[in-house]
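what's the 3D shape of this:
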Amino acid sequence: MKHFLLASTVVLSACSEPPPGCDSDFAQMVGEAVSSGEISSVLDMYYMEGVDEFTRDSIKRSFERNFEKTVVGTEIVDFPEDGLTEYEMNGVRYKINLKPEKELIIHFAEETDGEGGIHQSSMSLPLGEYEGHCYIATAAKVSD
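As a prediction, the model looks like this:
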């Protein structure tokens with residue numbers, strides 16, 4: 001689960017029109033991109049500097065699973081002091097590629113769990129700024 005959150009949280013892309021600052025407009029843009037089901041729209045909001053193919057594919061898979069869900073809201077909060085910013089997997093060290101300043105939370109519609117229970121799921125993504133524009137940050141390989 002840690003890997004899922006970090007991978008879907010931490011990357012940069014060269015967009016022709018950079019996203020706005022880390023505010024409610026950016027949150028709305030991400031929510032609309034997820035609702036659209038267009039993975040390229042979502043990836044355009046990621047900072048991809050230093051991101052390897054494994055992480056890029058992991059981000060794609062995590063969003064493709066969430067494309068089936070209905071986005072019911074987004075919010076931006078301060079990045080938690082104890083938020084995950086680096087980890088090691090299979091002997092490879094990864095670190096978030098932008099300094100996380102905020103966290104975007106995407107809320108999805110309630111779902112049943114197959115046993116009659118209802119829960120609301122959400123996805124948390126770290127946000128950082130690069131050259132004055134907000135991006136979703138993600139894991140970049142630090143060492144092999």
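
so where is this protein shaky, pLDDT-wise?
1-20, 116-118, 144 (pLDDT under 70).

Please enumerate the helices of it.
2-7, 24-36, 39-43, 53-66 (DSSP state H).

could you give the angle of the second one to helix 53-66?
Which is helix 24-36. Per axes from the mean of the first three to the mean of the last three Cα atoms, to 10 degrees, the angle that helix 24-36 makes with helix 53-66 is 80 degrees.

ok now helix 24-36, how far from the chain's centre?
12 Å (Cα atoms, centre = their mean, to the nearest Å).

buried ones in that helix?
Neighbour counts over helix 24-36 (16 or more other Cβ atoms under 10 Å) mark 26-27, 29-31, 33-34 as buried. Every C-beta, even on glycine, is put in place using the N, C-alpha and C of the backbone.

other SSEs contacting it?
helix 39-43, strand 71-78, strand 102-112 (3 or more Cβ pairs under 8 Å, 6 or more residues apart in numbering; DSSP states H and E).

The longest one now?
Applying 3+ Cβ pairs under 8 Å, 6+ apart, one finds that helix 53-66 makes contact with helix 2-7, helix 39-43, strand 139-143.

Kindly recompute the last result at 10 Å.
helix 2-7, helix 24-36, helix 39-43, strand 92-96, strand 118-130, strand 139-143 (3 or more Cβ pairs under 10 Å, 6 or more residues apart in numbering; DSSP states H and E).

by how many degrees do that helix and strand 118-130 diverge?
140 degrees.

what's the closest non-adjacent residue to residue 106?
residue 123 (4.6 Å; Cβ to Cβ, 6 or more residues apart in numbering).

Nearest to residue 140 among the buried residues of helix 24-36?
Top of the list for closeness to residue 140, among those and by Cβ to Cβ, is residue 30 at 19.9 Å.

Looks like residue 95 contacts residue 87 (just checking).
Yes: between residue 95 and residue 87 there is a contact under Cβ atoms under 10 Å: 8.3 Å.

returning to that earlier point: if I look at the residue nearest to residue 106, how far off is residue 143?
Distance from residue 123 to residue 143, counting by Cβ to Cβ, to the nearest Å: 28 Å.
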